[in-house]
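Undergrad: Would you be able to build a 3D model of this:
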Amino acid sequence: MGFMFPDPVWPVVLLAVICFGDALLCLKPVAFIAKCFEDVGFPRRWWWVMPPIKFAAAAGLVLGIWIPYLAALTCAALVAYFLVAIGMHVRARDFGRNLFVNATGMLVICVATGLFCFVL
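TA: Coordinates of the predicted model:
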């Protein structure tokens with residue numbers, strides 16, 4: 001089956017729950033998320049795009065349980081998203097918690113989910 005459907009499914013569901021929770025926290029960014037956006041120089045006028053992107057990721061992961069390749073594609077897109085986020089932190093010289101715990105931690109979770117559910 002390979003990349004077609006996640007196997008096992010539970011890591012994909014867990015990642016979807018994390019993305020959904022993250023999207024909720026970005027609706028009216030909680031303090032630590034707003035500070036993260038500010039620290040990397042993400043323009044305030046673009047903050048509104050984050051919740052739809054994160055809700056779409058959660059939906060793509062869940063729908064990918066039944067739609068061939070969608071969860072794998074969404075997982076790969078999340079890896080790309082967090083690579084960009086890490087790049088933004090590095091460019092801004094923001095070498096604190098937001099880089100090492102949040103962005104890098106999420107990258108590790110996304111890569112692990114992709115490998116565990118679609119490759120190995």
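
Undergrad: longest single helix anywhere in this protein?
TA: For the chain, the helix with the greatest residue count under DSSP state H is helix 70-91.

Undergrad: What residues of it count as buried?
TA: By 16 or more other CB atoms under 10 Å, the buried positions in helix 70-91 come out as 70-76, 78-79, 81-82, 85-86, 88-89. Yep, even glycine has a C-beta here, placed from its N, CA and C like the rest.

Undergrad: Is residue 111 within a helix or a strand, and which one?
TA: According to DSSP states H and E, residue 111 maps onto helix 104-114.

Undergrad: Ok, residue 16 next?
TA: Per DSSP H and E: helix 10-27 holds residue 16.

Undergrad: what sits against the closest residue to residue 79 other than its chain neighbours?
TA: Excluding the flanking residues, the one nearest residue 79 by CB to CB, 6 or more residues apart in numbering is residue 110, at 4.9 Å. Applying CB atoms under 8 Å, 6 or more residues apart in numbering to residue 110 gives the contacts 15, 75, 78-79, 82.
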